[in-house]
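Chemist: Structure for this input, please:
(one chain, ligands or ions: 2)
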Amino acid sequence: MKCAVILAGGKGTRMKSDAPKVMCSVLFQPMLHYVIRAVKEAGCESICVVTGYKHEVVEEYLSQDIETAYQNPQLGTGHAVMTARSFVEKHIGDKILILNGDGPLMDAETINAAYAYHEENENAVTLVSAIVDDTEGIGHIKRDENGALLRIVEHKDATEEEKNIKESNAGVYWFNGESLLYAISNIKNNNAQKEYYLTDSIEILLKSGKKAGAFVCENSEAVLGANDRRQLNILNTIMRRNINDAHMINGVDIPCTDGVMIGADVKIGRGTSILPNTIILGNTVIGENCTIGPNSYIKDGRIGNGVVLDNVRLTDSEVEDGADCGPFVHIRAGSKLCKGVHIGDFVEVKNSVVGEGTKCAHLTYIGDSDVGSNVNFGCGTVTVNYDGKNKHRCKIGNNVFLGCNTNLIAPVEIGDFAFTAAGSTITDNVPENALSIARAKQVNKEGWVNEKKPYKNM
Ligand code: UD1
Ligand code: MG
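Modeler: Ligands and ions are numbered 1, 2, ... in the order given. Okay, here's the model as predicted:
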């Protein structure tokens with residue numbers, strides 16, 4: 001069985017963040033999210049996260065199926081694994097993956113390839129390495145003249161010569177359970193930082209006669225971590241590019257990627273265009289042949305086929321086939337726009353169902369309402385859903401015509417085919433097929449201006 005220990009106890013001082021480093025975001029999700037995702041995808045059935053600095057923030061974020069071990073104080077990566085000793089003991093006969101929680105680009109493919117290498121070579125430990133340009137702060141991989149792995153030298157402890165070694169430790173290791181237990185029982189802190197380095201376990205195991213190897217990962221980006229915000233920005237750029245590329249290969253059109261940020265869990269159908277400045281996040285699913293953007297923000301949307309969202313902000317809502325929204329539309333949580341709905345400029349919809357073919361072309365608020373099909377909202381219609389204490393619902397039947405500037409004071413019901421006169425403030429139910437006029441009657445006072453002379457120059 002495969003299991004994993006994720007190291008997430010460090011503070012990450014250089015991030016200058018209130019949160020622990022692993023909670024710093026890449027594409028709007030904590031780095032830890034991606035590591036857990038990759039580990040699960042790689043088939044690890046049991047996961048333990050070592051927490052430390054602000055452990056409660058990490059613990060709250062984790063789902064129930066993940067164990068935690070609290071490391072306090074944080075005395076290094078080796079010490080972090082010592083903290084998870086009981087997890088290691090439980091999995092003594094298993095293969096244990098250990099990886100840093102601050103490496104969000106590490107993928108299941110690389111983890112599995114390293115596992116295959118570990119098994120093939122019958123190693124006690126296999127680390128993942130990569131050839132990198134920027135060697136600042138890395139663990140350098142030392143090999144002998146025949147290329148056999150010797151040990152890892154941390155940058156801070158390295159000689160000038162060792163600092164030239166470009167093979168970097170990724171912070172990802174496969175251990176046989178019993179070898180890991182042996183290693184963490186023997187790690188000492190005699191180094192520049194007075195820390196217990198997990199990296200020392202390579203030398204410890206080699207010295208005890210076990211086999212250790214390094215799996216060199218061809219994708220050097222997969223091993224990148226982030227210690228400060230500039231590096232976080234680089235990870236964002238790489239992940240953004242990888243995700244956009246994958247969608248384009250699947251037939252999604254992104255004519256210009258400027259400002260296009262798509263979350264790792266988003267699904268988009270072929271033939272859909274994503275236009276500049278569009279952020280799509282969470283568990284959003286978008287169908288085929290849609291046009292999304294420009295300037296849109298979609299989070300947890302369920303979008304059908306052939307939908308147009310132009311300058312739209314939409315959260316946790318559903319839009320059925322052929323509906324279109326925009327420009328400048330806000331669809332708030334709990335809304336459903338049925339087939340062929342048209343929502344035009346400066347309209348807000350909140351927690352409402354809008355029936356098939358209904359049109360709401362401009363300047364309207366639909367809140368807490370159940371709207372039937374083929375309704376026409378006149379410009380400036382407002383569902384008055386809040387009385388200062390409570391929210392109430394409006395129910396609007398099918399084929400209703402709401403005149404411009406109708407106020408519907410909720411709770412109120414409008415029957416099928418009913419018609420409201422422009423400017424009406426509707427406080428009582430309107431029966432089907434009725435015309436409701438709820439406004440003062442117009443009065444024209446002839447000659448009033450000449451008589452009263454209300455203007456300055458008169
Ligand atoms: C570590 C490796 C280095 C490797 C690099 C890859 C060691 C000694 N060095 O260095 O060889 O090239 O990762 O990114 O392992 N953590 C804890 N508790 C601690 C200290 C750290 O849980 O006491 C966690 C951190 O939250 C982080 C991970 O371990 O997720 C790595 O720690 P970090 O301080 O970033 O190690 P590096 O200096 O990057
Ligand atoms: Mg690091």
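
Chemist: which ones are touching residue 378?
Modeler: When contacts are counted by C-beta atoms under 8 Å, 6 or more residues apart in numbering, residue 378 touches 401, 402, 403, 404, 405, 406, 422. C-beta here means a position set from N, CA and C on the backbone, and glycine is covered the same way.

Chemist: most neighbours, which of the residues you listed?
Modeler: Looking at the contacts of residue 378 with neighbours defined as other C-beta atoms under 10 Å, the largest count falls to residue 402 at 30 neighbours.

Chemist: Wait, it touches residue 377, no?
Modeler: Yes. Counting by C-beta atoms under 8 Å, residue 377 is a contact partner of residue 402 at 5.2 Å.

Chemist: same question for the longest helix belonging to the chain, mean pLDDT?
Modeler: What stands out as the longest helix in the chain, according to DSSP state H, is helix 229-249. Mean per-residue pLDDT for helix 229-249: 97.

Chemist: can it be found next to ligand 1?
Modeler: No. Remark: helix 229-249 sits outside contact range of ligand 1, by C-beta under 6 Å from any ligand atom, the gap being at least 10.3 Å.

Chemist: Now the closest residue to ligand 1 within the stretch 1-150 of the chain: closest residue in space, sequence neighbours ignored.
Modeler: Checking the stretch 1-150 of the chain residue by residue against ligand 1 with C-beta to the nearest ligand atom singles out residue 139 as nearest, at 2.0 Å. Excluding the flanking residues, the one nearest residue 139 by C-beta to C-beta, 6 or more residues apart in numbering is residue 169, at 3.6 Å.

Chemist: got CSV for the contacts of residue 378, with secondary structure, distance to ligand 1 and pLDDT too?
Modeler: Putting these into CSV (DSSP: H, G, I helix; E, B strand; the rest coil; distance: C-beta to the nearest ligand atom, whole Å; pLDDT from 0 to 100) gives the following:
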residue, secondary structure, distance to ligand 1, pLDDT
401, strand, 61, 98
402, strand, 56, 98
403, coil, 61, 98
404, coil, 58, 98
405, coil, 58, 98
406, coil, 57, 98
422, coil, 62, 98
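
Chemist: ok, so of these, who is nearest residue 31?
Modeler: residue 402 (48.9 Å; C-beta to C-beta).

Chemist: Now do the contacts for the closest one.
Modeler: 375, 376, 377, 378, 381, 396, 408, 414, 420.

Chemist: I'd like to know which of the residues you listed is nearest to residue 162.
Modeler: For residue 162, the closest of the contacts of residue 402 turns out to be residue 377, at 71.2 Å, with distances computed as C-beta to C-beta.

Chemist: list the contacts for the closest one?
Modeler: Contacts were defined as C-beta under 8 Å, 6+ apart; by that measure residue 377 touches 358, 359, 360, 361, 364, 366, 402.

Chemist: and the closest residue in space to the second one that isn't next to it in sequence, how many neighbours?
Modeler: This points to residue 359. If the residues on either side of it in the chain are set aside, residue 359 comes closest to residue 342, at 4.5 Å by C-beta to C-beta, 6+ apart. Around residue 342 sit 19 other residues, with neighbours defined as other C-beta under 10 Å.

Chemist: so what's residue 342 bridging to?
Modeler: residue 324, residue 359 (DSSP bridges).

Chemist: Identify each buried residue in the longest helix of the chain, please.
Modeler: By 16 or more other C-beta atoms under 10 Å, the buried positions in helix 229-249 come out as 231, 232, 234, 235, 236, 238, 239, 240, 243, 244, 247.

Chemist: same check, this time on stretch 168-177
Modeler: Buried, per 16+ other C-beta under 10 Å, within stretch 168-177: 168, 169, 170, 171, 172, 173, 174, 175, 176, 177.

Chemist: Contacts for stretch 276-294, please.
Modeler: With C-beta under 8 Å, 6+ apart as the criterion, stretch 276-294 contacts 27-28, 256-263, 265-275, 295-311, 321.

Chemist: thinking again about what came up before, the residue of the stretch 1-150 of the chain closest to ligand 1 against residue 152, yeah?
Modeler: Yes. The pair formed by residue 139 and residue 152 meets the contact definition of C-beta under 8 Å, at 4.4 Å.

Chemist: tell me, what's touching these two both at once?
Modeler: Among the neighbours of residue 139, those also in contact with residue 152 (C-beta under 8 Å, 6+ apart) are 169, 199.

Chemist: any idea how far residue 285 lies from residue 10?
Modeler: 35 Å (C-beta to C-beta, to the nearest Å).

Chemist: Please apply the same query to residue 259.
Modeler: Separation of residue 259 from residue 10 (C-beta to C-beta): 32 Å.

Chemist: The two: who's more crowded?
Modeler: Taking neighbours as other C-beta under 10 Å, residue 259 and residue 10 compare with residue 10 leading, 22 against 14.

Chemist: Secondary structure element for residue 86, which one?
Modeler: Here residue 86 sits within helix 85-90, counting by DSSP states H and E.
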